[in-house]
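Asks: Sequence first, predicted coordinates after that:
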Amino acid sequence: MEYIQMRVTNDRHYKIRCLAAERGESISTVLGEIIDFFFLRKEENNNTDTQESKAKE
C-alpha cells in the first residue's frame, strides 16, 4: 500500500514538473494555479449548494 501511495505521489510530481516545463513557468506558479483552481471550484460548489437550499425554502 505504501509503495502504491508513493508511486501515485511521484507521478503527480512528475506531471506537475512536466506541465511547468511545457509552460516555461516555475513549479510554484503551476502549483499556485492548481490550488486556486480547486479552491475556486470548491467555493462555487458551496455557493451552488447554498442557492439550491434557499430555493427549496
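Replies: Received the coordinates, thanks.
Asks: what about this protein, any weak spots by pLDDT?
Replies: Applying pLDDT under 70 to the chain flags the ranges 1-8, 47-57.
Asks: For this structure, which segments count as helices?
Replies: For the chain, the helices defined by DSSP state H occupy 2-23, 27-56.
Asks: Quick check: the gap between K42 and D36.
Replies: 11 Å (C-beta to C-beta, to the nearest Å). (Each C-beta comes from the backbone N, C-alpha and C, glycine too.)
Asks: How about R23?
Replies: Distance, R23 to D36, by C-beta to C-beta: 15 Å.
Asks: Over to H13?
Replies: Applying C-beta to C-beta, the value for H13 to D36 is 19 Å.
Asks: Could I get the contacting residues of I16?
Replies: Residues in contact with I16 (C-beta atoms under 8 Å, 6 or more residues apart in numbering) are 27, 30-31, 34.
Asks: Now with 6 Å, please.
Replies: Contacts for I16 were tallied using C-beta atoms under 6 Å, 6 or more residues apart in numbering; they are V30.
Asks: Now do the residue nearest to V30 when sequence neighbours are not counted against E44, distance only.
Replies: Excluding its sequence neighbours, the residue lying closest to V30 (C-beta to C-beta, 6 or more residues apart in numbering) is A20, at 4.5 Å. Distance, A20 to E44, using C-beta to C-beta: 26 Å.
Asks: Which residue of those two possesses the greater neighbour count?
Replies: Legend: neighbour count by other C-beta atoms under 10 Å for A20 and E44, higher for A20 (16 against 10).
Asks: Surely the more buried one and S28 touch.
Replies: No - the criterion here is C-beta atoms under 6 Å, and A20 misses it with S28 at 8.7 Å.
Asks: Tell me which residues are up against stretch 28-43.
Replies: For stretch 28-43, using C-beta under 6 Å, 6+ apart, the contacting residues are 16, 19-20.
Asks: which one among those gets closest to T9?
Replies: Distance to T9, by C-beta to C-beta, is smallest for I16 among the contacts of stretch 28-43, at 10.8 Å.
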